[in-house]
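Novice: next one to model:
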Amino acid sequence: MENERSLTERFAAIESKLADSKVLLELGKANELPFFIFDYDPKQELIVRDEVKKLKKNNPNIQEFDLFEMVVEFLKKEGYLDTVKEYETQYDSNILLSQLFQPFLSLEEDNNPVMQYFIDNVKDDGNHIVLITGVGKVYPIIRSHTILNKLQPVIKKNPVVMMYPGRYDLNNSMCLRLFDRLGDDNYYRAFPLEERMTRR
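Specialist: Model (predicted):
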């Protein structure tokens, strides 16, 4: 219960900052991308989902992009979802990743459907906050550092906040702690949201 109270308090502390995109934009310095990380213990994922719902209800300027749901919708649209479910029972996860997901979802491809969804749906007007969720659910199909890198030329006016199920330390080193064994690469251009808030 102590962890739950602590996380709830953390969300309460950032809610006012997420009420206005201008506040987050001001948290950066000149020439800095307004990209932020809110990290949390993966064991608290369900609590985070509930808190995100509250944030969106109270702040209509928040645009949520659930990476996992985006992938599922793409697979449905292309008719691959049933195939994925069938292959999951027959093949190793590494085979699924390299042979099934990567040909369609590689972020290195110009026509990547995930990035295209961002391009088509982000209201990059300086008045909205892009909230990225589903990071743990979609790992390792999409890696958090890769999506943030790819979003740099796409989102130029709105602040971006990623809900990150892992540790993002003061040295800006990402460590995705799913199952206490998975690792993710580093990303050096996003700020820990709460740390940056306390500096202003």
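Novice: got the buried residues for stretch 35-50?
Specialist: 35-40, 42, 44-45, 47-48 (16 or more other CB atoms under 10 Å). All C-beta atoms are positioned from the backbone trio N, CA, C, and that covers glycine.
Novice: end-to-end on it?
Specialist: The first residue of stretch 35-50 is 22 Å away from its last residue (CA to CA, to the nearest Å).
Novice: okay, now Asn111: neighbour count?
Specialist: 8 (other CB atoms under 10 Å).
Novice: what's the answer for Asn127, then?
Specialist: Look at Asn127: counted by other CB under 10 Å, it has 12 neighbours.
Novice: how about the one 4 residues further on?
Specialist: Other residues near Leu131 come to 21 when the count uses other CB under 10 Å.
Novice: quick one on the thing from earlier: mind checking which of the buried residues of stretch 35-50 are in helices?
Specialist: Restricting those to those inside helices, with DSSP state H as the criterion, leaves 45, 47-48.
Novice: from these, pick the one nearest Lys17.
Specialist: Sorting those by distance to Lys17 puts Val48 at the head of the list, at 16.6 Å, by CB to CB.
Novice: tell me how far the closest one lies from Val130.
Specialist: Relative to Val130, Val48 is positioned 17 Å away (CB to CB, to the nearest Å).
Novice: the residue lying closest to Leu81 once chain neighbours are set aside: which element?
Specialist: In space, Leu81 comes closest to Leu75 once its chain neighbours are excluded; the distance is 4.2 Å by CB to CB, 6 or more residues apart in numbering. Here Leu75 is covered by helix 67-78, with elements defined by DSSP states H and E.
Novice: what pLDDT does the residue nearest to Leu81 get?
Specialist: Looking at Leu75, its pLDDT is 83.
Novice: same thing with the one 4 residues further on?
Specialist: Here, the pLDDT recorded for Gly79 equals 81.
Novice: tell me which residues form a beta bridge with the spatially most central residue of the chain?
Specialist: Per CA atoms, centre = their mean, the C-alpha nearest to the average position across the chain is that of Ile132, at 3.3 Å. Here Ile132 shows beta-bridge partners Phe65, Met162, assigned using DSSP bridges.
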